[in-house]
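*Asks:* Okay, predicted coordinates and the sequence, questions at the end:
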2 protein chains.
Amino acid sequence: MALGKDYDNQRDCSLARALELVGERWTMLIVRDAFFGVRRYSDFLSHLETPRAVLADRLSNLVAAGILAKRRYSDSPVREEYVLTDAGRALWPVLAALGTWSARYVMDGEVPRIYAHAECGRRLTGGSVCPSCGPVGADEVEIRPGPDADFVREDPVSVALREPKRLLVPIRG
Amino acid sequence: MALGKDYDNQRDCSLARALELVGERWTMLIVRDAFFGVRRYSDFLSHLETPRAVLADRLSNLVAAGILAKRRYSDSPVREEYVLTDAGRALWPVLAALGTWSARYVMDGEVPRIYAHAECGRRLTGGSVCPSCGPVGADEVEIRPGPDADFVREDPVSVALREPKRLLVPIRG
DNA sequence: CACTCTCGGTTCGTTGAACGAACTCACGGG
DNA sequence: CCCGTGAGTTCGTTCAACGAACCGAGAGTG
């Protein structure tokens, strides 16, 4: 496949191999949403507003890559959810690093969302490091709306994120 | 533009804004090559083997985003080179985090390339942290071929990377 | 029982991006 | 004068993203 997601002549580079798994359009935002507690196809769909076929394709790729796991949470009716695996949760420092870079060099002072250490309440620096307690895992991170948050969107995920919540805690009870 | 690189409904997220700048196909690998010391259009081209039009588009996007700067290094003939700006160099922790994740969860023990702290020679952990000296900037990082490197490719960049070198040091004198 | 709703998709026609080969243009060297 | 190099642009083809419509199973309502 010459076109598409692979980087055939760059297999000798761990970065390129990683990008084959998480470098496609929408994939990183799906992973971010998974950290936000999104688990259902319909919630990913309404929050990201991606074409349904693209979402289905990305979810199955992420499952194949071992980043998400597909789990049945109801037998009747049959309902599936997508949850982060260990490998998926290990992507937190990557998202955090990119978010931190963006806050510094792209967002120009705007702070739509605040990331803090849930135990001590201090804001994280470098994305995943608490200034008092050192590096923190994603499950110890609390997110809450920042001074520049807008509350315009009405999809279930956006509504749930209007209140502080911990990463990885599912958005629906 | 509904199609393409933007994530219009996600502007309220620093990650999405970052991905609008560095999330397109090839862009991250161009930035990685810039850290490797690649500066010339023809070197990016032969190392990445991307279509020429795509490379030209990505380079101009990166310049517009303030991640690369286009600089004339010869007036006659007119020759330009692309170098990382401060904002571009600040992307190092992002690449390092993704590379580290990949080494752990994707590469399955293969080590094509080794990243070490140039001062003390120790291999970096977490991508950009020296176990003795703490966090290191990209300019203090030395790369060298690892046990699983292959020396198959003959383009100027691949050849130059057969020997140890520091990040950011240009590949051609 | 019929009707409707929700969830989690698949199908399909259209648009736009990636691909790769060919072409351009300015300069420099022999 | 011809050739080579660097840095692109042009263009026809192929493939992926888009979005609207469709689908099937089960649950809830009247």
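*Replies:* That came in fine, so what should we check first?

*Asks:* lowest-confidence helix or strand of chain A?
*Replies:* Ranking every helix and strand in chain A by mean pLDDT, DSSP states H and E puts strand A:134-135 at the bottom, with a mean of 88.

*Asks:* measure the most centrally placed residue in chain A to residue A:138 for me?
*Replies:* Geometric centre of chain A, nearest residue: residue A:32, 1.0 Å, by Cα atoms, centre = their mean. For residue A:32, the distance to residue A:138 equals 11 Å [Cβ to Cβ, to the nearest Å]. C-beta: built from backbone N, CA, C; applies to glycine.

*Asks:* now do residue A:75
*Replies:* 30 Å.

*Asks:* So if I had to pick from these two, which one is more boxed in?
*Replies:* residue A:138 (19 against 7; other Cβ atoms under 10 Å in any protein chain shown).

*Asks:* The strand or helix carrying residue A:79 pairs with which strands, parallel or anti?
*Replies:* In the assignment (DSSP states H and E), residue A:79 maps to strand A:78-84. Using DSSP bridges, strand A:78-84 pairs in its sheet with strand A:68-75 (antiparallel).

*Asks:* what sits up against stretch A:141-159?
*Replies:* Identification of contacts with stretch A:141-159 by Cβ atoms under 8 Å, 6 or more residues apart in numbering or on different chains yields A:33, A:36, A:38, A:43, A:46-47, A:92, A:110-118, A:121, A:124, A:128, A:161-167, A:171-172, B:9, B:12.

*Asks:* For DNA strand C, tell me whether that stretch is touching it.
*Replies:* No: Stretch A:141-159 is not in contact with DNA strand C by Cβ under 7 Å from any atom of the strand; minimum separation 8.3 Å.

*Asks:* Quick one: distance of that stretch to the chain centre.
*Replies:* Relative to the centre of its chain, stretch A:141-159 is centred 14 Å away, using Cα atoms, centre = their mean, to the nearest Å.

*Asks:* now do stretch A:104-118
*Replies:* For stretch A:104-118, the distance to the chain centre is 15 Å (Cα atoms, centre = their mean).

*Asks:* again, but for stretch A:105-119
*Replies:* A distance of 15 Å separates the centroid of the chain from that of stretch A:105-119, by Cα atoms, centre = their mean.

*Asks:* circling back to that earlier point, which residues sit against the helix or strand containing the residue nearest to the centre of chain A?
*Replies:* Element membership of residue A:32 [criterion: DSSP H and E] is helix A:27-35. Helix A:27-35 is contacted by residues A:21-22, A:43-44, A:47-48, A:55, A:58-59, A:61-62, A:67-68, A:82-84, A:88, A:91-92, A:95, A:98, A:138, A:157, A:167-168, B:7, B:10, B:13, B:15-16, B:19, B:23 when judged by Cβ under 8 Å, 6+ apart.

*Asks:* That one: which residues count as buried?
*Replies:* Buried residues in helix A:27-35, counted by 16 or more other Cβ atoms under 10 Å in any protein chain shown: A:27-35.

*Asks:* Would you mark the buried spots in stretch A:74-88?
*Replies:* The neighbour-count check on stretch A:74-88 (16+ other Cβ under 10 Å) flags A:81-84, A:87-88 as buried.

*Asks:* Could you list the residues of chain A in contact with DNA strand C?
*Replies:* Chain A has residues A:2-4, A:40-43, A:51-53, A:56, A:59, A:70, A:77, A:79-81 near DNA strand C, with proximity defined as Cβ under 7 Å from any atom of the strand.

*Asks:* what pLDDT does the residue lying closest to residue A:81 once chain neighbours are set aside get?
*Replies:* Once flanking residues are discounted, residue A:81 sits nearest to residue A:39: 4.0 Å by Cβ to Cβ, 6 or more residues apart in numbering or on different chains. Listed pLDDT for residue A:39 reads 98.

*Asks:* likewise the one 10 residues further on?
*Replies:* At residue A:49 the predicted local confidence, pLDDT, stands at 96.

*Asks:* what's around the residue nearest to it when sequence neighbours are not counted, how many residues?
*Replies:* Spatial nearest neighbour of residue A:49, excluding adjacent residues (Cβ to Cβ, 6+ apart): residue B:9 at 5.2 Å. Residue B:9 is flanked by 16 other residues according to other Cβ under 10 Å.

*Asks:* Stretch A:136-143: end-to-end distance?
*Replies:* From its first residue to its last, stretch A:136-143 covers 13 Å (Cα to Cα, to the nearest Å).

*Asks:* Which positions in it come out as buried?
*Replies:* For stretch A:136-143, by 16+ other Cβ under 10 Å, it's A:136, A:138, A:140-143.

*Asks:* and the residues you listed, which two are the farthest apart?
*Replies:* Farthest apart among the buried residues of stretch A:136-143 by Cβ to Cβ are A:136 and A:143. That separation is 12.7 Å.

*Asks:* what is the rounded mean pLDDT of the helix or strand following the least confident helix or strand of chain A?
*Replies:* Following strand A:134-135 in sequence order, the next helix or strand is strand A:141-145 (DSSP H and E). The average pLDDT within strand A:141-145 is 97.
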